[in-house]
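In: I'll drop the sequence and a predicted model, then ask my questions.
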Amino acid sequence: MLEPISISMASLNLPALLPMAILVVGALGVICIDLMAKGLNRSFYTMITVLFILLDLGAVIGYNGSIRGFFDVMLVDGIARIAQVIILVASAFFVPLSLSHRHFKEFKMAEYYALFMFMIVGFQFMVASDNLILIFLGLETSSLALYTLIALHNRAKAFEAAIKYFTMGALAAGFYTLSALIFYALTGSVEIHQIEQVLIERDFEPLVGVLAGTVFMIGALGFKLSLVPSHTWTPDVYEGSSAPLAGYMSIVPKIAGFVVAMRLFEMLVLSGVVWLEYILYGVVVLTMTLANITALVQEDVKRMLAFSSISHAGSMMAAILIGTTQANSALFLYWTLFMFTNLGAFAMLWIVRHQKNLWDERYQHPFTKFSGMVKIMPITATIMGVFMFALAGMPPFSVFWGKLYLISAAVNSQFIWLAIIIVLNSAIAVYYYMKLVIYMFLKDPVSNDAGIYATNASTPLKVIVGFAAMMTLFAVLFVEPLLNVITKYVIASGF
């Protein structure tokens, strides 16, 4: 007779699941409220969503339990906590962008806010585990919610973007499943730390199997991170999505993918797998360079920012290639600073969005739309110029400090050529960022009607843009304390 299995509550460590549970309750609560009281204002749903995100953030920051939890599939180390803080802070700023002056159909639907919370839960599971199965569940939960959120924008291009994202996502899911299957067949485990131990003991033999599993995983995570050659969906999906959702996709899904890549690839790189270092080196260089070159010829600002985010993602993969504590700290510092600047840039596109394409048959935000904006709306043009200077990595704006620390990490680890390539790509990027500045400040306006540039402006959007601008302008004041906190958690995680 089989004896019953006894599981102690202490070993389950259920508080590790509390942050995700809070948002699940919030999402189900929003759906139930909508069933009981139809037609509630979008402001109510927005504030409820932000409230639950802040409760989740409090649970993450206040967590002081053991690192492992829930049958050891949860991993709440310093890396997981930093990543969750970035995810939740970014989410808390992007949700209120729904409170625009013009009313859009998706923001009136309770399902939008429920799906948004479920999407965040998926990202949290991705970063708070080293179990390949749980990471996959988080990946699919977030992706399915994101596909639907894109389609809810209810435009022909939004449907096209959702279908493209879904198709590429299905291919990436297949690659991920194959990779996990290969690693399980080789090692008998789906836990990344156990896979590492077994592969090191076997001296990474059979090499063909390890190579196949790694290549499939790079293909899967390359989709989520928009790495070359899995980047082709990015500009089209960003173009079809609303500006807030496009901005969100440029930040939050990528930080989740970076953490998974960090846990898996750094383990292999630091174990002396030279061929993986070469593969990652090639991916990093191609992603930065091709994205920058393609961005040079874009006619639409949103598509330009899409290629910009691809290039920045390539820079972040350079940190994973380097694999030192300084490089990992640089990754989180860079992405935190980039988060506020990109938030501001996409929020500005949302403010100047017009119902009709007045400037171009295809694009909503062609460069010509911004011609002479300084003469019509000087404050708007100046703020947008600040975001462009920051994204270009010019001092003393925010992204400069993240890029500087990343280049320093590369030089200190003897990746001299990699540091030179990052600098050269930064120089290329200045051209297409300054292209928008030239249109705003040196061209003649195509229309003198300031109203068409601010049809979507509202007080919440102005406050968010103002906060993003302040964080971008005065980043130098908090870079050092932020870096100290990040480094503390990175070291505690053993990275």
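Out: Everything's here; your move.
In: from now on I want contacts and neighbour counts done on CA atoms only, so please keep to that.
Out: Fine.
In: may I have the host helix or strand of G26 as CSV, with CA atoms only?
Out: Per DSSP states H and E, G26 falls inside helix 18-36. The C-alpha coordinates for helix 18-36 follow below in CSV (Å, rounded to 0.1, in the frame of the first residue of the first chain):
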residue,chain,number,x,y,z
LEU,A,18,1.6,36.1,-3.7
PRO,A,19,2.6,38.8,-6.3
MET,A,20,1.1,36.8,-9.1
ALA,A,21,-1.9,35.8,-7.1
ILE,A,22,-2.7,39.5,-6.4
LEU,A,23,-3.0,40.3,-10.1
VAL,A,24,-4.9,37.1,-10.9
VAL,A,25,-7.5,38.2,-8.2
GLY,A,26,-7.5,41.7,-9.7
ALA,A,27,-8.1,40.4,-13.2
LEU,A,28,-10.9,38.1,-12.1
GLY,A,29,-12.3,40.9,-9.9
VAL,A,30,-12.5,43.3,-12.9
ILE,A,31,-14.4,40.7,-14.9
CYS,A,32,-16.9,40.1,-12.1
ILE,A,33,-17.4,43.8,-11.6
ASP,A,34,-18.1,44.2,-15.3
LEU,A,35,-20.7,41.4,-15.1
MET,A,36,-22.5,43.1,-12.3
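In: neighbouring contacts of it?
Out: 40, 45, 48-49, 52-53, 55-57, 59-60, 110-111, 113-115, 117-118, 120-121, 124-125 (Cα atoms under 8 Å, 6 or more residues apart in numbering).
In: list the buried residues of the longest helix along the chain.
Out: For the chain, the helix with the greatest residue count under DSSP state H is helix 156-187. Residues of helix 156-187 classed as buried: 157-166, 168-169, 172-184, 186-187 (neighbour count, 16 or more other Cα atoms under 10 Å).
In: and it, how far out from the chain middle?
Out: 17 Å (Cα atoms, centre = their mean, to the nearest Å).
In: what does the average pLDDT come to for the helix or strand just after it?
Out: Next in sequence after helix 156-187, counting helices and strands by DSSP H and E, comes helix 192-201. When pLDDT is averaged along helix 192-201, the result is 84.
In: same check, this time on stretch 456-476
Out: Mean per-residue pLDDT for stretch 456-476: 85.
In: in that stretch, what counts as buried?
Out: Neighbour counts over stretch 456-476 (16+ other Cα under 10 Å) mark 456-457, 461-462, 464-465, 467-469, 471-473, 475 as buried.
In: in helices only, show me these.
Out: Judged by DSSP H, these include 461-462, 464-465, 467-469, 471-473 as members of helices.
In: and of those, the nearest to E277?
Out: Set against E277, the nearest of those by Cα to Cα is T472 (33.5 Å).
In: now that closest one: how far from Y433?
Out: Using Cα to Cα, to the nearest Å, T472 is found at 16 Å from Y433.
In: again, but for E140
Out: Using Cα to Cα, one obtains 34 Å as the distance from E140 to Y433.
In: quick one, which of the two is more surrounded?
Out: For E140 versus Y433, neighbours defined as other Cα atoms under 10 Å are more numerous around Y433 (23 against 19).
In: picking up where we left off before, kindly reformat the buried residues of stretch 456-476 as JSON lines containing distance to E196.
Out: Output for the buried residues of stretch 456-476, formatted as JSON lines (distance: Cα to Cα, whole Å):
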{"residue": "N456", "distance to E196": "51"}
{"residue": "A457", "distance to E196": "51"}
{"residue": "L461", "distance to E196": "46"}
{"residue": "K462", "distance to E196": "48"}
{"residue": "I464", "distance to E196": "43"}
{"residue": "V465", "distance to E196": "44"}
{"residue": "F467", "distance to E196": "43"}
{"residue": "A468", "distance to E196": "40"}
{"residue": "A469", "distance to E196": "43"}
{"residue": "M471", "distance to E196": "39"}
{"residue": "T472", "distance to E196": "39"}
{"residue": "L473", "distance to E196": "42"}
{"residue": "A475", "distance to E196": "38"}
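In: what are the boundaries of the strands in this structure?
Out: Taking DSSP state E as the test, the strands found in the chain are 68-69, 74-75.
In: so of those strands, which one's packed in deepest?
Out: strand 74-75 (a mean of 23; mean count of other Cα atoms under 10 Å).
In: tell me the gap between it and the middle of its chain.
Out: Counting by Cα atoms, centre = their mean, strand 74-75 is centred 21 Å from the centre of its parent chain.
In: out of the strands of the chain, which gets the lowest mean score?
Out: strand 68-69 (a mean of 74).
In: how far away from the center of its chain is it?
Out: Its chain's C-alpha centre and that of strand 68-69 lie 25 Å apart, by Cα atoms, centre = their mean.
In: which strands and helices sit next to it?
Out: strand 74-75 (3 or more Cα pairs under 8 Å, 6 or more residues apart in numbering; DSSP states H and E).
In: name the residues that touch the strand it packs on?
Out: 16, 67-69, 128-131.
In: buried among these? Make that a PyMOL selection.
Out: Per 16+ other Cα under 10 Å, the buried members of the contacts of strand 74-75 correspond to this PyMOL selection:
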select buried, resi 16+67+68+69+128+129+130+131
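In: out of the contacts of strand 74-75, who's nearest F338?
Out: A128 (22.2 Å).
In: surely the closest one touches I82?
Out: No - the criterion here is Cα atoms under 8 Å, and A128 misses it with I82 at 10.2 Å.
In: can you tell me which residues contact I135?
Out: Applying Cα under 8 Å, 6+ apart to I135 gives the contacts 125-127, 129, 260.
In: could you tell me how many residues sit around Q364?
Out: Neighbour count of Q364, defined by other Cα under 10 Å: 22.
In: that should have said G62, apologies.
Out: Residues near G62, counting by other Cα under 10 Å: 9.
In: pLDDT at it, what is it?
Out: pLDDT for G62: 85.
In: same question for the one 3 residues further on.
Out: The predicted local distance difference test score for G65 is 72.
In: swap in the one 5 residues further on?
Out: Confidence per residue is given as pLDDT, and for F70 that number is 75.
In: separation between it and T167?
Out: 33 Å.
In: tell me where the model's unsure across the stretch 51-200 of the chain.
Out: Within the stretch 51-200 of the chain, the ranges that satisfy pLDDT under 70 run 101-103, 154.
In: how does it look with 80?
Out: 65-72, 99-108, 153-158 (pLDDT under 80).
In: go on, the stretch 201-350 of the chain?
Out: 203-205, 230, 266-276.
In: how about the helices of it, start to end?
Out: Using DSSP state H, counting those that start in this stretch, the helices of the stretch 201-350 of the chain run over 207-225, 233-240, 243-249, 252-269, 274-295, 301-322, 325-351.
In: mind putting the ones you listed in TSV, distance to H193 included?
Out: Listed next are these as TSV, based on distance: least, Cα to Cα, whole Å:
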stretch	distance to H193
helix 207-225	15
helix 233-240	32
helix 243-249	29
helix 252-269	8
helix 274-295	18
helix 301-322	17
helix 325-351	18
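In: that older thread, got the angle between the longest helix of the chain and helix 233-240?
Out: Orientation note: helix 156-187 sits at an angle of 150 degrees relative to helix 233-240 (axes from the mean of the first three to the mean of the last three Cα atoms, to 10 degrees).
In: now helix 156-187 against helix 192-201, angle please.
Out: Using the same axes, to 10 degrees: helix 156-187 against helix 192-201 is 50 degrees.
In: which strands or helices does helix 156-187 pack on?
Out: Using 3+ Cα pairs under 8 Å, 6+ apart, the elements in contact with helix 156-187 are helix 132-151, helix 192-201, helix 207-225, helix 233-240.
In: reformat the ones you listed as CSV; add distance to G402.
Out: Output for those, formatted as CSV (distance: least, Cα to Cα, whole Å):
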stretch, distance to G402
helix 132-151, 27
helix 192-201, 28
helix 207-225, 18
helix 233-240, 24
